[in-house]
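Trainee: Structure of the sequence below:
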Amino acid sequence: MRNVETFSAGREQSALATNKLIRNTYMLLGMTLVFSAVTAGISMAMNPPFLVYIGSVIGSFIMLFILNRKQNSAAALPLVFLFTGMMGFGLGPLLNHYLGLANGGQIIMTALSMTALTFLGLSAYVMTSKKDFSFMGGFITS
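Mentor: Presented below is the predicted three-dimensional model:
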């Protein structure tokens with residue numbers, strides 16, 4: 001009987017740790033998305049030339065290599081925000097271009113809503129099915 005109680009307590013602690021990890025991951029994702037949106041808004045207000053987009057993409061690719069080297073250090077978190085800020089700032093000229101089209105606002109909102117629905121749907125599927133998709137890690141991040 002003692003082993004069953006110990007096993008049950010271990011499973012409960014594991015579930016709590018998993019829930020905390022998921023909550024922290026989604027919190028960080030949310031904060032970086034908000035930061036990226038703010039920098040995109042700033043970029044849209046500044047209306048920089050399209051060349052800024054190219055520079056932001058190049059800088060972001062360089063940041064990916066730096067983030068890979070610093071992923072287990074305290075510097076990783078500010079670097080993630082720098083990366084998402086650069087991506088958001090580079091998105092500003094593209095958003096301004098699409099907003100200049102006759103149905104540009106509709107295009108942007110459709111892309112935003114389809115991305116959100118896909119993300120939420122896939123997240124819900126993974127959370128409810130309890131399947132382990134860690135085998136796809138290399139495929140997704142490579």
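
Trainee: so how far is S113 from L120?
Mentor: Using CB to CB, to the nearest Å, L120 is found at 10 Å from S113. C-beta coordinates here come from the backbone N, C-alpha and C atoms, glycine included.

Trainee: What is the lengthiest helix in the chain packed up against?
Mentor: Ranked by residue count, the top helix of the chain under DSSP state H comes out as helix 2-46. On a contact count with 3 or more CB pairs under 8 Å, 6 or more residues apart in numbering; DSSP states H and E, helix 2-46 meets helix 76-99.

Trainee: Tell me which residues are up against the helix it packs on.
Mentor: Outside helix 76-99, the residues within contact range by CB atoms under 8 Å, 6 or more residues apart in numbering are 28, 31-33, 35-44, 46-50, 52-53, 55-57, 59-60, 63-64, 66-67, 70, 104-105, 107-108.

Trainee: Can you select the buried ones among the residues you listed for me in PyMOL?
Mentor: For the buried members of the contacts of helix 76-99, the matching PyMOL selection, counting by 16 or more other CB atoms under 10 Å, is:
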select buried, resi 32+35+36+39+40+43+44+48+52+53+56+60+63+67
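
Trainee: Quick one: find the helix or strand in this protein with the lowest mean pLDDT.
Mentor: One helix or strand of the chain scores below all others by mean pLDDT, DSSP states H and E: helix 137-141, with a mean of 71.

Trainee: Using CSV, write out every CA atom in stretch 125-135.
Mentor: In CSV, the C-alpha atoms belonging to stretch 125-135 read as follows (Å, rounded to 0.1, in the frame of the first residue of the first chain):
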residue,chain,number,x,y,z
TYR,A,125,-4.8,19.0,-29.2
VAL,A,126,-1.4,18.4,-27.6
MET,A,127,-2.7,19.2,-24.1
THR,A,128,-5.8,17.0,-24.3
SER,A,129,-4.2,14.0,-26.2
LYS,A,130,-1.3,13.8,-23.8
LYS,A,131,0.9,12.6,-26.7
ASP,A,132,4.6,13.1,-26.5
PHE,A,133,5.8,15.1,-29.6
SER,A,134,9.4,15.5,-28.4
PHE,A,135,10.5,13.2,-31.2
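
Trainee: for it, the distance to its chain's centre please.
Mentor: 18 Å (CA atoms, centre = their mean, to the nearest Å).
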